[in-house]
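S.K.: this one's sequence-less:
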């Protein structure tokens, strides 16, 4: 449950570390039963993408 949140924080500073996990985060965001986990996955994806694009 905490892993997506840790990836979100890591993605702010080192998005290249999170990039290999974006597909997995997307899958979890679409399929996990826990709403908090889904939201945190989407947040981690968003932060990593923003860090990469500028």
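M.R.: Noted; the coordinates are in hand. These numbers come from a predicted model, not from an experiment. Numbering: from 1, shown residues only.

S.K.: name the element residue 46 belongs to?
M.R.: Assessed by DSSP states H and E, residue 46 sits inside helix 35-53.

S.K.: Pull out the buried residues from that helix.
M.R.: Buried residues in helix 35-53, counting neighbours by 16 or more other CB atoms under 10 Å, are found at 37-38, 40-45, 47-48, 51. Glycine gets a C-beta too; all of them are placed from N, C-alpha and C.

S.K.: Please list all residues in contact with the residue nearest the centre of the chain.
M.R.: Centroid check for the chain by CA atoms, centre = their mean gives residue 44 as the closest residue, at 2.5 Å. Contact analysis of residue 44 by CB atoms under 8 Å, 6 or more residues apart in numbering lists 4-5, 7-8, 11, 18, 25.

S.K.: can you pick the most crowded of those residues?
M.R.: Neighbour counts for the contacts of residue 44 (other CB atoms under 10 Å) peak at residue 11, which has 26 neighbours.

S.K.: Tell me how far that residue lies from residue 39.
M.R.: Relative to residue 39, residue 11 is positioned 15 Å away (CB to CB, to the nearest Å).

S.K.: Out of the contacts of residue 44, which sit inside strands?
M.R.: Residues of the contacts of residue 44 located in strands (DSSP state E): none.

S.K.: and which of the residues you listed is nearest residue 32?
M.R.: Among the contacts of residue 44, residue 4 lies closest to residue 32 (CB to CB), at 9.2 Å.

S.K.: The closest one contacts residue 27, correct?
M.R.: No - counting by CB atoms under 8 Å, residue 27 is not a contact partner of residue 4; they are 11.8 Å apart.

S.K.: what's the overlap in contacts for the two?
M.R.: Common contacts of residue 4 and residue 27 (CB under 8 Å, 6+ apart): none found.

S.K.: Residue 22 touches residue 46, doesn't it?
M.R.: No - judged on CB under 8 Å, residue 22 makes no contact with residue 46 at a distance of 10.6 Å.

S.K.: Could I get the phi/psi values of residue 33?
M.R.: Backbone dihedrals for residue 33, given as degrees, to the nearest 10, come out at phi -70, psi -30.

S.K.: Much appreciated, bye for now.
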